[in-house]
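Student: A predicted structure for the sequence below; I have some questions about it.
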Amino acid sequence: MNQPGNIFKSTLLLTAVLLALSACVSDTTPQKPPDINFPSITNLANGQQIFWAGGCSSCHAAPGSDKTGRMRLGGGLTLKTQFGLFTVPNISPDKATGIGTWDKSDFSNALLNGLAPDGSHYYPSFPYTSYTRMNPKDVSDLWAFLKTLPAVANKPGGHKISGLIKSRKAMGLWNHLYFKRGKVISFNNPSPEVARGQYLVEGPGHCGECHTPRNKVGGFNYKKWLGGGMDENGDKTIPNITPSESGIGGWSTEEIIASLKPATGHAPSATPTTTMAEVRQNLAMLKASDRQAIAAYLKAVPAVENEE
């Protein structure tokens, strides 16, 4: 999101912007939105597919967990960003330290609106900015699946963040500027395959959270959607995955699909990272048709050329 050494400058800028906005926005106190009409029947198999598409275990399970451990979502992972350290919460069904006391409305408001059960704003280190595009059926099925997982008694530590962003109300101001709910790319009559890929990439897959550049206050640059950039620490390049010369324009559909699975030995123009290795493990659990749809979408998005 930013270059190393600019953390202090970014924090000062964010503080100044939020202070200025506070004079313009009269009320950012979060209001709990109305409940959604969910389907009466849930599908656990679909919920599990959305679990993998959403990468839930990559953040909420203990790092390096085996297959069994990936279903234990006790949290505790620390995410290092330019704004400080964010600790991933426990989302297991544990009633004391997880989300065992939540109902489906609490869960949907978290995913779709970035709101905690008490109505306060979550920080966008939690990718509700993408999950907001999920449909009610998938939210309902994911919720049903999560309730089948083991309860893990673990209370992760708090965040260590700086400046005005400590204020949950300040996140209301951030949302006012950068929280985009609708589809990112507008296609004219997309094929069902491209439409499915768009849903997975822009919604539960939240690919844009890493692959889209951001400004100094963490807002997406939607004009360069999926065009790559620096990681949260500012020390690694996140690749451009648009069909451009500086992206994956030279990749075939088969090569893109191969890159979405682990142990293929195929990543034509990008260096594999630990984070992407986790993503590949998750995407390998999807139906082959969904990986095909993701590839079709990546072929169809506008090309973004990066400056050398």
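Tutor: Received it, and whenever you're ready, just let me know what you need.

Student: what ranges do the strands span in the chain?
Tutor: For the chain, the strands defined by DSSP state E cover 78-81, 84-87, 160-161, 229-230, 237-238.

Student: against which helices or strands is the fourth one packed?
Tutor: Yep, that's strand 229-230 we're talking about. strand 237-238 (3 or more Cβ pairs under 8 Å, 6 or more residues apart in numbering; DSSP states H and E). Where C-beta positions appear, they are placed from N, C-alpha and C, glycine not excepted.

Student: and the contacts of the strand it packs on?
Tutor: Cys210, His211, Gly228, Gly229, Met230, Asp231 (Cβ atoms under 8 Å, 6 or more residues apart in numbering).

Student: give me the pLDDT for the second one.
Tutor: In this case it means His211. As predicted, His211 sits at a pLDDT of 95.

Student: I'd like the distance between the spatially closest residue to it that is not a sequence neighbour and His206.
Tutor: Counting by Cβ to Cβ, 6 or more residues apart in numbering, Leu226 is the residue found nearest to His211 once chain neighbours are left out, at 4.8 Å. Leu226 sits 12 Å away from His206, taking Cβ to Cβ, to the nearest Å as the criterion.

Student: count of neighbours near the residue lying closest to Leu111 once chain neighbours are set aside?
Tutor: Nearest-residue entry for Leu111: Tyr131, 4.2 Å, with adjacent residues in sequence omitted and distances by Cβ to Cβ, 6+ apart. By the measure other Cβ atoms under 10 Å, the count of residues near Tyr131 is 23.

Student: likewise Lys287?
Tutor: Neighbour count for Lys287, taken as other Cβ under 10 Å: 9.

Student: same check, this time on Met230
Tutor: 17.

Student: same question for Pro190.
Tutor: That count, for Pro190 with other Cβ under 10 Å as the rule, works out to 17.

Student: ok, it to Ile50 distance?
Tutor: From Pro190 to Ile50 the distance is 21 Å (Cβ to Cβ).

Student: go on, Ile185?
Tutor: Taken as Cβ to Cβ, the span from Ile185 to Ile50 is 21 Å.

Student: and those two? Which one has more around it.
Tutor: Neighbour comparison, Ile185 and Ile50: the larger count goes to Ile50, with 26 against 16 (by other Cβ under 10 Å).

Student: lowest-pLDDT helix or strand in the chain?
Tutor: Averaged element by element with mean pLDDT, DSSP states H and E, the chain has its least confident helix or strand at helix 7-22 (a mean of 50).

Student: list the contacts for the residue positioned nearest the centre of the chain?
Tutor: Residue closest to the average C-alpha location in the chain (Cα atoms, centre = their mean): Pro127, at 3.5 Å. For Pro127, the contact set (Cβ under 8 Å, 6+ apart) comprises His206, Glu209.

Student: residue ranges in the stretch 201-308 of the chain under the pLDDT threshold?
Tutor: 231-236, 263-274, 307-308 (pLDDT under 70).

Student: now the helices for it?
Tutor: 208-211, 253-259, 274-283, 288-300 (DSSP state H, counting those that start in this stretch).
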